[in-house]
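>>> Sequence and predicted structure below; questions after.
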Amino acid sequence: MVGLVAFWVLGGFPGHAKKPSAAAVPAEAPQLAPSPATVCRALVARLPDVLGGLSRRPVTAGAEQNAAFGDPAIVLTCGVPQPTVPQDAQLLGLSNVCWFPEEHSGETVWQTIDREVAVRVVVPKAADGSWLVNLSAPIVATVPATAPGTLHC
């Protein structure tokens, strides 16, 4: 009996083999000052394991400031430099977070502009920006907002 259980657990029966884990998503992890590092750790710890049906994936670096979901991956990076926002930029307020979107080839880069620690989310064209709504609640809960009333989203 013990042998059969061990055989089954190790994937010996068809249809019960363990799925290989998803490959790590490339990510950079520059050194953060203590305060932003604390904020980013809190944010990443609060992120869900599944984002709108997309499973969380490992990242190659900075698991305390980066998170990835799905394939192709939606990648969140906390502690990025504050974006330079053009005067005529279209800003989007979603669930109490002010986002600045920029289109790039094959992806949209969304950056928070109302947070003390900036957050960037790279969304491939294959996905849509609706995932931002699911990310806004953890951002609001963990990343302090800048002075209210200074931005118009």
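Happy to help now that I have it.
>>> From residue 68, how far off is residue 83?
Residue 83 sits at a distance of 20 Å from residue 68 (criterion: CB to CB, to the nearest Å). In this view, the C-beta of every residue, glycine as well, is placed from N, C-alpha and C.
>>> Helices of the protein, start to end?
Along the chain, the stretches classed as helices by DSSP state H are 2-9, 34-46, 131-142.
>>> For residue 78, which of the ones you listed is the nearest?
helix 34-46 (3.7 Å; CB to CB).
>>> Between helix 131-142 and the closest one, find me the angle.
For helix 34-46 against helix 131-142, the angle by axes from the mean of the first three to the mean of the last three CA atoms, to 10 degrees is 130 degrees.
>>> Pull out the buried residues from helix 34-46.
With burial defined by 16 or more other CB atoms under 10 Å, the residues of helix 34-46 counted as buried are 36-37, 39-44.
>>> cool, and stretch 73-82?
Those would be 73-80, for stretch 73-82 by 16+ other CB under 10 Å.
>>> can I get these in CSV with pLDDT?
Below are these laid out as CSV (pLDDT from 0 to 100):
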residue, pLDDT
73, 95
74, 95
75, 96
76, 97
77, 98
78, 98
79, 97
80, 97
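>>> returning to that earlier point: kindly reformat the helices of the chain as JSON lines containing distance to residue 61 and mean pLDDT.
Converted to JSON lines, the helices of the chain look like this (distance: least, CB to CB, whole Å; pLDDT from 0 to 100):
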{"stretch": "helix 2-9", "distance to residue 61": "32", "mean pLDDT": "39"}
{"stretch": "helix 34-46", "distance to residue 61": "13", "mean pLDDT": "98"}
{"stretch": "helix 131-142", "distance to residue 61": "20", "mean pLDDT": "92"}
